[in-house]
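*Asks:* Provide a 3D model corresponding to the input given below.
(chains A, B, C, D, E and F)
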Amino acid sequence: MAKKFMFVNRKAPYGSIYALEALEVVLITAAFEQEVSLAFLDDGVYQLKKGMMPKGIEMKNFGPSYRALPDYDIDKFYVERESMEARGLTPEDLLVEVEVLSAQELGQLMEAQDVILSF
Amino acid sequence: MAKKFMFVNRKAPYGSIYALEALEVVLITAAFEQEVSLAFLDDGVYQLKKGMMPKGIEMKNFGPSYRALPDYDIDKFYVERESMEARGLTPEDLLVEVEVLSAQELGQLMEAQDVILSF
Amino acid sequence: MLHIINKSPFDRPTLDTVLRVAQGGAALLIEDAVVAATRGCIAANKVVELAKKMPVYVLGPDLEARGLADRVIEGVQVVGYDGFVNLVAEHRNCQSWL
Amino acid sequence: MLHIINKSPFDRPTLDTVLRVAQGGAALLIEDAVVAATRGCIAANKVVELAKKMPVYVLGPDLEARGLADRVIEGVQVVGYDGFVNLVAEHRNCQSWL
Amino acid sequence: MNFAVLVNEGPYQHEAADSAYLFCRAAIEAGHRISRVFFYHDGVNNANRLSEPPQDDRNIVARWSKLAEAHGVDLVVCVAAGLRRGIKDELLPPGFRISGLGQLIEAGIEADRLVTFGD
Amino acid sequence: MNFAVLVNEGPYQHEAADSAYLFCRAAIEAGHRISRVFFYHDGVNNANRLSEPPQDDRNIVARWSKLAEAHGVDLVVCVAAGLRRGIKDELLPPGFRISGLGQLIEAGIEADRLVTFGD
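*Replies:* Sure thing, here's the model as predicted:
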């Protein structure tokens, strides 16, 4: 029976490697036929910002990779409302279609997981 | 001519190695006959807390090392008042005799330095 | 769920995030996070608030390392690594708020 | 003195510390700290406050990487790495608020 | 119970590798099993056999090896994270092996609990 | 002008090593001299010649070596931090050398500016 894996993303992109690594891990988890969801809160919301251009810091643009995830049946993107709004972002600013949740709703969803991995 | 070196300590002890390393570096700086001072602000104030007993986490107690610094003519310990008070600490809680400064006074002291190293 | 917090409330926002998001279970403060559960620390009120929602534990060896073992606020329980292991075992999942 | 800030104001207290302690010179936001200087970000008011005390610069390549180059608030100046180098050269000392 | 552990930080810089080890040891002492420790991100730097800490400090790398030997703990280093950072077969201390992220997900699926330690 | 640079973090996990390199390159392009880059704490992990990042990613270690070769930059790895973490002579990439913390203080004394990059 598949387990519910949630990937909790709380760090800004490019300042550290976590966003890039999370993208790797979710694909592998899906390949193991587990239930995969991604939560973005705190600075993790910035990971989904449209228009990344990391050429000037000589890093690879991994923004497009989020858009490819639904092709692998990974399409549960949850964004915590308060984190998003505190950063002046709206769902239109984000690379993928997300479900915006209150902190409480996200917390309840986390309770229902079998495994939570923090990035 | 000696330069003014200030070591700015802003991290709690044991959670990361910076406090321990700062103790090494100040000794070496003094050996180069430079003017050395140490500033403790934010969580760095915890580095000076009396009564450290890291046996349970299998680390070395470096608390006593601060007490040895005056033997090497390192005795300028500045603690920012607001950081200290926010943590419920008083000068009596600290391992060495410190000069308590306002944020503004500390900022002015920093301006007068030639080299600042952050730990 | 067991919420594991390892950073000082002065240095990271994780305690705030747990207060906002966590819906129950228990919380354990380890590493630099233990400073939050000490008397006189202005962040202790957040621990008090969290303790209204769920039991809050703090890791003794990390308190002792930092010379803070005699300052633990009321309402939180000090545990050793054995207690840490028990807490993980007792909750069906855990989240390290890194 | 040049105050270099490299962490998001949501993730670390360094912007607050600089506001409290810094007595002049200039400030440069790099790496994840650039998010502080963007429109709509609730921490932008801290940057506005800092800009009243000293000129505030923000590193363009780090803004672009994060897709935030078109959101910079007024009153801060975007510089490249060449500008970063000039700022270090122009101030007699610098402090990286890690 | 069967625990898996994820270590995201290297030795000495942060307390994470220490906490992870002390947790593993306590779990084993309590009669649980640590089926796997997965070293990811900078955590791969725990697997450098050249590590030589000061005599009066704990030896983090050697401690892991002993844990593996004494209790059959499977110490797995993420191959991709290791390649980036130069942690390859020739550097591995006894008891460690290199494998893919699938081993992390497998541990998440098979273990009763997955506990993460990091910065 | 004569700059010295201090790098406190390893490659890939945090942006610090990237920022430090891009700063050095820009300084050299502007006609300044980088007299020394000192690798301290986890920064010593920049000096692992076994590092092999993905083809489409920047090679942080090789970039440093090229900078040393092209512009005579002195790349110094802290001996004590390196020993703890297993960064020894046999791992050094071209252009790096191992020495003591005195080299950091010397750089602070002799350079016009010392700029620190870290987490």
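*Asks:* where exactly do the strands run in chain A?
*Replies:* Per DSSP state E, chain A carries strands over the ranges A:4-9, A:35-40, A:77-80, A:99-101, A:115-118.
*Asks:* How about chain C: which residue is closest to chain A?
*Replies:* C:Gln23 (3.8 Å; C-beta to the nearest C-beta). In short, each C-beta sits where N, CA and C put it, glycine included.
*Asks:* three-state assignment of that residue?
*Replies:* The local conformation at C:Gln23, judged by DSSP: H, G, I helix; E, B strand; the rest coil, is coil.
*Asks:* how about stretch A:85-94 as PDB, C-alpha atoms only?
*Replies:* C-alpha atoms of stretch A:85-94 as PDB (Å, rounded to 0.1, in the frame of the first residue of the first chain):
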ATOM      1  CA  GLU A  85       0.700  37.100   1.300                       C
ATOM      2  CA  ALA A  86       3.500  38.200   3.600                       C
ATOM      3  CA  ARG A  87       5.800  38.100   0.600                       C
ATOM      4  CA  GLY A  88       3.400  40.100  -1.600                       C
ATOM      5  CA  LEU A  89       2.800  37.100  -3.900                       C
ATOM      6  CA  THR A  90      -0.400  35.900  -5.500                       C
ATOM      7  CA  PRO A  91      -1.200  32.600  -7.200                       C
ATOM      8  CA  GLU A  92      -0.700  34.400 -10.500                       C
ATOM      9  CA  ASP A  93       3.000  34.900  -9.600                       C
ATOM     10  CA  LEU A  94       3.600  31.200  -9.300                       C
END
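*Asks:* anything in that stretch near chain D?
*Replies:* Yes. Contact between stretch A:85-94 and chain D, assessed by C-beta under 8 Å from any C-beta of the partner chain, occurs at A:86-89.
*Asks:* Out of those, who's the most crowded?
*Replies:* Neighbour counts for those peak at A:Arg87, which has 25 neighbours (criterion: other C-beta atoms under 10 Å in any protein chain shown).
*Asks:* Check what pLDDT that residue gets.
*Replies:* Looking at A:Arg87, its pLDDT stands at 98.
*Asks:* Not counting its own residues, what contacts stretch A:79-88?
*Replies:* A:39-46, A:48, A:90-91, A:94, A:98-103, A:106, C:20-21, D:10, D:35, D:38-42, D:44, D:71 (C-beta atoms under 8 Å, 6 or more residues apart in numbering or on different chains).
*Asks:* swap the cut-off to 7 Å and go again
*Replies:* A:40-42, A:45-46, A:98, A:100-103, A:106, C:20, D:35, D:38-42 (C-beta atoms under 7 Å, 6 or more residues apart in numbering or on different chains).
*Asks:* Endpoint to endpoint, that stretch covers what distance?
*Replies:* Start to finish, the residues bounding stretch A:79-88 are 13 Å apart (C-alpha to C-alpha, to the nearest Å).
*Asks:* ok, now stretch E:33-49?
*Replies:* End-to-end distance (C-alpha to C-alpha), stretch E:33-49: 25 Å.
*Asks:* That one vs chain F: in contact?
*Replies:* Yes. For stretch E:33-49 and chain F, the contact criterion (C-beta under 7 Å from any C-beta of the partner chain) is met by E:41-42, E:45, E:48-49.
*Asks:* coming back round to it: tell me the spacing between the residue of chain C closest to chain A and chain B.
*Replies:* 27 Å (C-beta to the nearest C-beta, to the nearest Å).
*Asks:* residues in contact with that residue?
*Replies:* Per C-beta under 7 Å, 6+ apart, neighbours of C:Gln23: A:104, A:107-108, A:111.
*Asks:* If any of the residues you listed are buried, give me the PyMOL selection for them.
*Replies:* Selection command for PyMOL covering only the buried members of the contacts of C:Gln23, criterion 16 or more other C-beta atoms under 10 Å in any protein chain shown:
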select buried, chain A and resi 107+111
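*Asks:* which one of the contacts of C:Gln23 is nearest chain E?
*Replies:* Out of the contacts of C:Gln23, the member with the shortest distance to chain E (by C-beta to the nearest C-beta) is A:Glu111, at 15.2 Å.
*Asks:* Which residues are in contact with the closest one?
*Replies:* Each residue near A:Glu111 by C-beta under 7 Å, 6+ apart is listed here: C:1, C:23-24.
*Asks:* Select from these the entry with the lowest predicted confidence.
*Replies:* When those are compared, C:Gly24 shows the smallest pLDDT, 91.
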